[in-house]
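[1] Need the 3D shape of this:
(one chain, ligands or ions: 1)
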Amino acid sequence: MWTHKHLLGLEDLSRDDLLTVLDLARSFKKDGKLLTDRRDTLKGKTVLLLFFEPSTRTAMSFSAAAKRLSADVVSFNKATSSTAKGETLLDTAKNIEAMGGIDVVVVRHSATGAPHLLARSIRASVVNAGDGAHEHPTQGLLDLFTMRERFGRVEGLKVAIVGDIAHSRVARSNIHGLRKLGAEVTVCGPATLLSDDMRSLGVAVSYDLDAILPTMDVVNMLRLQKERLAGPLLPSDRDYTMRFGLTRERADRMKKGAIVMHPGPANRGVEIAPEVADATLRSSEDASSLRSTSGPRSVILEQVANGVAVRQAVLSLVAS
Ligand code: CP
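    Residues are numbered from 1 along each chain as shown. Presented below is the predicted three-dimensional model:
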């Protein structure tokens, strides 16, 4: 049974909590397709989208999810707000809450722990939509959902998370969720982009993508987060692509039935080749039935669609 007022990170959730969200998210899809009908679950409630960092997928899908549950949606626009005059996150949230009727605050902020601060300070439920390099729990959940839908299970899957692990909140949330559901996780990237705490999270560490690629069921390519790279951590994009980019040639060496994921937005031609990202596996198609190992593997747009279902589930649970 779900007992959480907030969703701050997957580190805080139990295996049963994760399965509760994933099972509920399934009810927002039918025959592999997202249901777009309107339900009354959040009728009379208001969801505030409080994004201090840019977002396309997360902000838009929370908005779609809330509206399909009949909630009112209020969106904060950092560019035109009093943040430019130095107003703090907490003052911003408290002032908007003082206008009345806010039930759920979905927050994205560059500071680790920003959602935790809000959860301690305001009345509404808080959902973390990404805090610094810490966690992005709904991305982790939608990635778990996508793997579970594709393979029928998460337990026992071999999952590689590749790239800029050190700066990735997506990697951290995926690791917590995947470990709790029994997947075997390997993080792979250049030593300068792998943080020291990784092994303590129960994952294998590799610096050689070519060595691990043929054994993986899932390869989740991360965006090179140039906005968070402090100093020269990489010789060049070209060097990075040569060692860690998912090129067509590398994708052809993946095992039959393996899938390619990316949280977006992608640096096309850097961490993932356009022809790999765009080789979309249709929802009815099973990669394991393809005659050769080459062929479509990308479930990137499926992840985006699943993000709406997962966020509908999360909003339903925290608002109830
Ligand atoms: N995956 C993800 O968080 O994308 P956005 O930054 O566009 O929300």
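[2] give me the element residue 76 is part of.
    Using DSSP states H and E, the secondary-structure element containing residue 76 is strand 72-77.
[3] In that strand, which residues are buried?
    Of the residues in strand 72-77, those with enough neighbours to count as buried (16 or more other CB atoms under 10 Å) are 72-74, 76. Just so you know, the C-beta spots here come from the backbone N, C-alpha and C atoms, and that holds for glycine as well.
[4] Please apply the same query to stretch 214-229.
    By neighbour count on 16+ other CB under 10 Å, the buried set for stretch 214-229 is 216-225.
[5] Could you export that stretch as PDB, CA atoms only?
    Coordinates of each C-alpha in stretch 214-229 appear next as PDB, following Å, rounded to 0.1, in the frame of the first residue of the first chain:
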ATOM      1  CA  PRO A 214      27.200  -7.900 -26.500                       C
ATOM      2  CA  THR A 215      25.900  -9.300 -23.100                       C
ATOM      3  CA  MET A 216      23.400  -6.600 -22.300                       C
ATOM      4  CA  ASP A 217      19.600  -6.700 -22.500                       C
ATOM      5  CA  VAL A 218      19.200  -3.000 -22.100                       C
ATOM      6  CA  VAL A 219      21.600  -0.200 -23.000                       C
ATOM      7  CA  ASN A 220      20.600   3.100 -21.600                       C
ATOM      8  CA  MET A 221      22.600   5.900 -23.200                       C
ATOM      9  CA  LEU A 222      22.900   9.100 -21.100                       C
ATOM     10  CA  ARG A 223      23.200  12.600 -22.400                       C
ATOM     11  CA  LEU A 224      26.600  14.200 -22.100                       C
ATOM     12  CA  GLN A 225      25.600  17.100 -19.800                       C
ATOM     13  CA  LYS A 226      27.800  19.800 -21.000                       C
ATOM     14  CA  GLU A 227      26.100  22.300 -18.800                       C
ATOM     15  CA  ARG A 228      27.300  20.400 -15.700                       C
ATOM     16  CA  LEU A 229      30.800  19.600 -16.900                       C
END
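[6] can you give me the mean pLDDT across it?
    This predicted structure assigns stretch 214-229 an average pLDDT of 88.
[7] wait, what's in contact with residue 214?
    Under the criterion of CB atoms under 8 Å, 6 or more residues apart in numbering, the neighbours of residue 214 are 253-255.
[8] Next secondary structure element downstream of the helix or strand bottoming out on mean pLDDT in the chain?
    Averaged element by element with mean pLDDT, DSSP states H and E, the chain has its least confident helix or strand at helix 237-244 (a mean of 92). Sequence-wise, the next helix or strand downstream of helix 237-244 (DSSP H and E) is helix 248-251.
[9] so what does that next one touch, helix or strand wise?
    Using 3 or more CB pairs under 8 Å, 6 or more residues apart in numbering; DSSP states H and E as the contact definition, the elements that helix 248-251 packs against are helix 274-277.
[10] coming back round to it: save the contacts of residue 214 as CSV, and put in pLDDT and neighbour count too.
    Compiled in CSV, the contacts of residue 214 are given as follows (pLDDT from 0 to 100; neighbours: other CB atoms under 10 Å):
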residue, pLDDT, neighbour count
253, 95, 13
254, 96, 24
255, 94, 14
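[11] Which members of those occur in strands, if any?
    Counting by DSSP state E, those place none of their members in strands.
[12] ok, residue 57 touching residue 266?
    No. Under the criterion of CB atoms under 8 Å, residue 57 makes no contact with residue 266, lying 11.3 Å away.
[13] contact partners of the strand holding residue 76?
    For strand 72-77, using CB under 8 Å, 6+ apart, the contacting residues are 45-51, 59, 63, 66-67, 92, 96, 101-102.
[14] Most neighbours out of these, which is it?
    Within the contacts of strand 72-77, neighbour counts (other CB atoms under 10 Å) peak at residue 47, which reaches 29 neighbours.
[15] partners of that one in the sheet?
    residue 73, residue 104 (DSSP bridges).
[16] show me what contacts the closest residue to residue 278 other than its chain neighbours?
    Nearest residue to residue 278 in three dimensions, chain neighbours excluded: residue 298, at 6.8 Å (CB to CB, 6 or more residues apart in numbering). Residue 298 sits next to 259-262, 276-281 when contact means CB under 8 Å, 6+ apart.
[17] switch the cut-off to 7 Å
    For residue 298, the residues meeting the contact criterion (CB atoms under 7 Å, 6 or more residues apart in numbering) are 260, 276-281.
[18] wait, which of those is closest to residue 311?
    Using CB to CB, the shortest approach to residue 311 within those belongs to residue 280, at 21.8 Å.
[19] For the closest one, give the beta-bridge partners.
    For residue 280, the beta-bridge partners under DSSP bridges are residue 298.
[20] My guess is it contacts residue 297. True?
    No. Contact criterion CB atoms under 7 Å: residue 280 and residue 297 do not qualify, at 8.7 Å.
[21] Show me which of those two is the more surrounded one.
    residue 297 (26 against 15).
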